[in-house]
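1. give me the fold of what follows.
(chains A and B)
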2 protein chains.
Amino acid sequence: MAKINPHYSKLGSGYLFPEIARRTRSFLSEHPDATVMRLGIGDTTEAIPGPILEGIREATDKLGSPRTYSGYGDSEGQMPLREALSNHYHGFGVDVPAGDIWISDGAKSDSANIQSIFATDNVVAVQDPAYPVYVDSQVMSGRTGPAVDGCYEGLVYMPCTEDNGFFPELPDRKVDLIYICSPNNPTGAVATHEQLKMFVDYAIENRAIILFDSAYAAFIQDDTLPRSIYAIEGARTCAIEISSFSKYAGFTGVRLGWTIVPEELVAEGTSPGEVKALWTRRQNTFFNGASNVVQGGGLAALSDEGLAACRMLTTYYMENAAIIQEGLDRVGITTFGGKNAPYVWMKNPNGLDSWTFFDKLLGECHVVGTPGAGFGPSGEGYFRLSAFGHRDHVKTAVASITSNLKLG
Amino acid sequence: MAKINPHYSKLGSGYLFPEIARRTRSFLSEHPDATVMRLGIGDTTEAIPGPILEGIREATDKLGSPRTYSGYGDSEGQMPLREALSNHYHGFGVDVPAGDIWISDGAKSDSANIQSIFATDNVVAVQDPAYPVYVDSQVMSGRTGPAVDGCYEGLVYMPCTEDNGFFPELPDRKVDLIYICSPNNPTGAVATHEQLKMFVDYAIENRAIILFDSAYAAFIQDDTLPRSIYAIEGARTCAIEISSFSKYAGFTGVRLGWTIVPEELVAEGTSPGEVKALWTRRQNTFFNGASNVVQGGGLAALSDEGLAACRMLTTYYMENAAIIQEGLDRVGITTFGGKNAPYVWMKNPNGLDSWTFFDKLLGECHVVGTPGAGFGPSGEGYFRLSAFGHRDHVKTAVASITSNLKLG
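-> From the prediction side, this is the model:
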């Protein structure tokens, strides 16, 4: 008799964002006249710039003639796109050979799938709070026990708190795989060179591997902050980087990302190149390459014209972040992040817990945000507001918060 | 210290198609003047019809204005596309509610990923020969022992031979998950109602689940043959169907497929709806929906105009199949399939083994095909030729086989 994967039942009540959607629908059904303003999911709202759409159109047109038609591509992605990414990294001083880059349908898929090339008995460390996909993919793959007090047994949580500036100390025991996200979702904190170096040194010493999510790197305004883990010496032997076109080219629904597995990377008992070969084998079996029309858009996004257009998009969202932060400052709410990341991380007023504040913000201000507790136990008491939104919508939401939130 | 997934090392020398590519490159480097004709990988070659490309373009244009822009979609896919698929099934007399359909980036991903919602101690049966992804995804997920004499320990192989018309008998022991592909890749055999009913009855009796791959259903010419497992009574309680736009809309590189998990499907200890919920949870965590521009193309492919254009494409490829089959018949080679599937399955002349015949066909005729042994031990001694190709290319390849193959 067919048996289901027993690990799924360890998961909480569902993925965070569907739960937010459920509560929002419930509120709307009770208040059908209310207009809800969403600063919840980190989803882009502005149009994709013309030069980038043109890249998609050109790739589409090619499929309309048998002379230029192409079918299956390499599961690694199209070489011109991999080379353009390599050049892009080179542009901010980081050396990433095109042959170490795999194009994918997005950073979410890659950050969930990357664990599958590693043994189930690795000890895994996550920042707390963290993007839920890192944790849930470990649970579903059987690397954890059940959740006890909001923490899955067997996972090592590295608290990110106001005291440590939302970047964790080194794990307090030996770990094998370490997820780091910078600029961070949800806290908006960006790791400095020194902070990343501390983890790279730890990984080299303990032969651990860092899984570095740089999906928000394009939002870094301060040029002294690292935009890639490979800005740190030695990282090529111990770090995999996962990134995305989603947020800065407006590709959240178009789907395109990439993962870097350096030739030099080693795990226990492997020679250089062997971990890379595992990822190739995984992608060759479980994936068939990102869409060719979408890769055309990615290539256009990396042209000079495309990059300039992307910078206008990121600037727009960062102005939103400033508007949110100023509004919250005005009513005395403490905020973090938002300077080099499109997320404002706020401390809930009056010590409210995350879901209570979610319901309060929705009920009093008709604004949907994301409860910090949804990202892990150290997120409790905090709340994430996203800078993705139309300007007038963001302004209205902030005005509603500053006018209607009862801070008692 | 980070440890790699130990199961990967059980895999053979690499995924079949990269190995073919390697041998072809090696031949070309030794014979730089040769023109190699590829009837190997099942990859489409003809242009995507205009009405379908127009669907991609319209979806792309929508992303160019903030009023019509959309970001993340449901990981289940866009409801209009799910409804159009439901209608499409209805058109050939099969009832599949839109709510049971998940849109994906292709049947390859889904057929590799579907095993992850099931426990690792299920006993898995595969047709032999079979599409390598079914087997490799099981190996990499730890459901098998090492390969011994070409068979992975723990997997149940169901031989498909000339004697049984390339459709297997019921497994000779109790199994929990059963992969069936019809029209079959690689043999081109199509299961009858009676044959599928035998498996559905077995699955109901043993509470097993059938994983049914119908990616080639659009190539069925004989209307008495089932185009979906759900044409069989009772299948909704025991079968998952995986399918694709790849081959009939020319979407191999565009990437779009779907999977059906019926509400009524049950596994051990689950109520109706629970297995479906597992797949939703899996997709919500490991996937972020198929590309929105690509889904626009899928919707157009299911319009009356789109379907008519797809029929012209499938007819074209089926004419290729007839040309291949006629040529091989002429020189006395025994062939199978090719009537309701875009694959011609041939018995190697003089009892040659599959890779020897691969090298011979490449060396003597400059034609690349696919060794039957690459699909499993029962494929040994057979060879797959694909009907995907430009007409003149297929004709030249067939002429080269009939003129140059030394049958001695």
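
2. list of residues touching the helix or strand where A:V200 lies?
-> Using DSSP states H and E, A:V200 sits in helix A:193-206. With C-beta atoms under 8 Å, 6 or more residues apart in numbering or on different chains as the test, helix A:193-206 has contacts from A:167, A:170-171, A:174-176, A:178, A:180, A:182, A:208-210, A:224-226, A:229, A:231-235, A:237-239, B:1. C-beta: built from backbone N, CA, C; applies to glycine.

3. for ChimeraX, write a command that selects the buried ones of the residues you listed.
-> To isolate the buried ones among those in ChimeraX, judged by 16 or more other C-beta atoms under 10 Å in any protein chain shown, type:
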select /A:167,171,175,176,178,180,182,208,209,210,225,226,229,231,232,235,237,238,239
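
4. mind checking which of the contacts of helix A:193-206 are in strands?
-> Those of the contacts of helix A:193-206 mapping onto strands are A:178, A:180, A:209-210, A:239, per DSSP state E.

5. ok, so of the residues you listed, who is nearest chain B?
-> Checking those against chain B by C-beta to the nearest C-beta gives A:I209 as the nearest, at 4.2 Å.

6. please name the bridge partners of the closest one.
-> On the basis of DSSP bridges, A:I209 is bridged to A:L177.

7. which residue packs closest to the residue in the stretch 301-408 of chain A that chain B sits nearest to, ignoring adjacent ones?
-> Nearest residue of the stretch 301-408 of chain A to chain B (C-beta to the nearest C-beta) works out as A:H390 at 6.5 Å. In space, and not counting its chain neighbours, A:H390 is closest to A:T45: 5.4 Å by C-beta to C-beta, 6 or more residues apart in numbering or on different chains.

8. residue contacts, the one you found?
-> A:T45 makes contacts with A:388-390, A:393, B:66, B:69, B:71, as judged by C-beta under 8 Å, 6+ apart.

9. narrow those residues to those that are buried.
-> A:388-389, B:69, B:71.

10. report the secondary structure state of A:Y72.
-> Here A:Y72 is recorded as coil under DSSP: H, G, I helix; E, B strand; the rest coil.

11. per-residue pLDDT, it?
-> With respect to pLDDT, A:Y72 scores 93.

12. burial check on it, number of neighbours?
-> A count of nearby residues for A:Y72, using other C-beta atoms under 10 Å in any protein chain shown, gives 19.

13. and it, how far is that from A:D136?
-> A:Y72 is 30 Å from A:D136, where distance means C-beta to C-beta, to the nearest Å.

14. cool, and A:A47?
-> Applying C-beta to C-beta, one obtains 32 Å for the distance of A:A47 from A:D136.

15. pick out whichever of the two has more residues nearby.
-> Between A:A47 and A:D136, counting by other C-beta under 10 Å, A:D136 is the more crowded of the two (23 against 18).

16. in a helix, that one, correct?
-> Yes - under three-state DSSP, A:D136 sits within a helix.

17. these two touch, right, it and B:R282?
-> No - A:D136 lies out of contact with B:R282 (C-beta atoms under 8 Å); the separation is 10.0 Å.

18. which helix in chain A runs the most residues?
-> In chain A, assigned by DSSP state H, the helix with the most residues is helix A:304-330.

19. does chain B sit close to that helix?
-> No - on the criterion C-beta under 8 Å from any C-beta of the partner chain, helix A:304-330 is out of touch with chain B, staying 10.6 Å away.

20. identify all contacting residues around the next helix or strand after that helix.
-> On the C-terminal side of helix A:304-330, the closest following helix or strand by DSSP H and E is strand A:335-337. Contact with strand A:335-337 is made by A:162, A:166, A:183-184, A:187-189, A:324-325, A:328-329, A:343-347, as judged by C-beta under 8 Å, 6+ apart.

21. could you do stretch A:114-124 as well?
-> Contact partners of stretch A:114-124, identified using C-beta under 8 Å, 6+ apart, comprise A:137-138, A:141-143, A:154-156, A:173-179, A:209, A:211, A:240, A:242, A:259, A:267, A:275, A:278-279, A:282, A:286, B:2-6, B:8, B:140-142.

22. now do the helices in chain A.
-> Along chain A, counting by DSSP H, helices occupy A:16-30, A:50-62, A:79-91, A:107-113, A:132-140, A:193-206, A:246-249, A:274-286, A:292-301, A:304-330, A:354-360, A:391-404.

23. which one of those lies nearest to A:E380?
-> helix A:354-360 (5.7 Å; C-beta to C-beta).

24. let's test this: mean pLDDT of the closest one, rounded?
-> Averaging the model's pLDDT scores along helix A:354-360 yields 96.

25. using PDB, write out every CA atom in that helix.
-> C-alpha atoms of helix A:354-360 as PDB (Å, rounded to 0.1, in the frame of the first residue of the first chain):
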ATOM      1  CA  SER A 354       3.400  38.900  15.600                       C
ATOM      2  CA  TRP A 355       0.000  37.400  14.700                       C
ATOM      3  CA  THR A 356      -1.800  39.700  17.200                       C
ATOM      4  CA  PHE A 357      -0.200  42.600  15.500                       C
ATOM      5  CA  PHE A 358      -1.000  41.200  12.100                       C
ATOM      6  CA  ASP A 359      -4.700  41.100  13.000                       C
ATOM      7  CA  LYS A 360      -4.600  44.600  14.600                       C
END
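
26. for it, buried residues please.
-> By neighbour count with 16+ other C-beta under 10 Å, helix A:354-360 contains the buried residues A:354-355, A:357-358, A:360.

27. ok, back up a step: would you turn the contacts of A:T45 into TSV with distance to B:S29?
-> Below are the contacts of A:T45 laid out as TSV (distance: C-beta to C-beta, whole Å):
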residue	distance to B:S29
A:F388	50
A:G389	55
A:H390	56
A:H393	59
B:P66	52
B:Y69	48
B:G71	47
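
28. with the residues you listed in mind, which one is nearest to B:L85?
-> B:G71 (23.1 Å).

29. what's the spacing between the closest one and A:E46?
-> Noted for B:G71: a distance of 10 Å to A:E46, by C-beta to C-beta.

30. what parts of the stretch 151-300 of chain A come near chain B?
-> Contact residues, the stretch 151-300 of chain A versus chain B (C-beta under 8 Å from any C-beta): A:176-177, A:206-209, A:250, A:252-255, A:267-270, A:274-275, A:278, A:281-282, A:284-294.

31. what does the domain assignment say about chain A?
-> A:9-47+A:307-403, A:52-305 (automatic domain parsing).

32. point out the most buried one among those.
-> Mean neighbour count (mean count of other C-beta atoms under 10 Å in any protein chain shown) peaks for domain A:52-305 among these, with a mean of 21.

33. gap between the two ends of that one?
-> The straight-line separation of the ends of domain A:52-305 (C-alpha to C-alpha, to the nearest Å) is 9 Å.

34. swap in stretch A:25-34?
-> Terminal residues of stretch A:25-34 are spaced 11 Å apart (C-alpha to C-alpha).

35. that one: how far from the chain's middle?
-> 30 Å (C-alpha atoms, centre = their mean, to the nearest Å).

36. could you do stretch A:378-397 as well?
-> In terms of C-alpha atoms, centre = their mean, the centre of stretch A:378-397 is found 16 Å from the chain centre.

37. could you find the closest non-adjacent residue to A:G273?
-> Here the residue nearest A:G273, using C-beta to C-beta, 6+ apart, is A:E263, at 5.5 Å.

38. surely that neighbour meets A:G99?
-> Yes - A:E263 lies in contact with A:G99 (C-beta under 8 Å); the separation is 7.4 Å.
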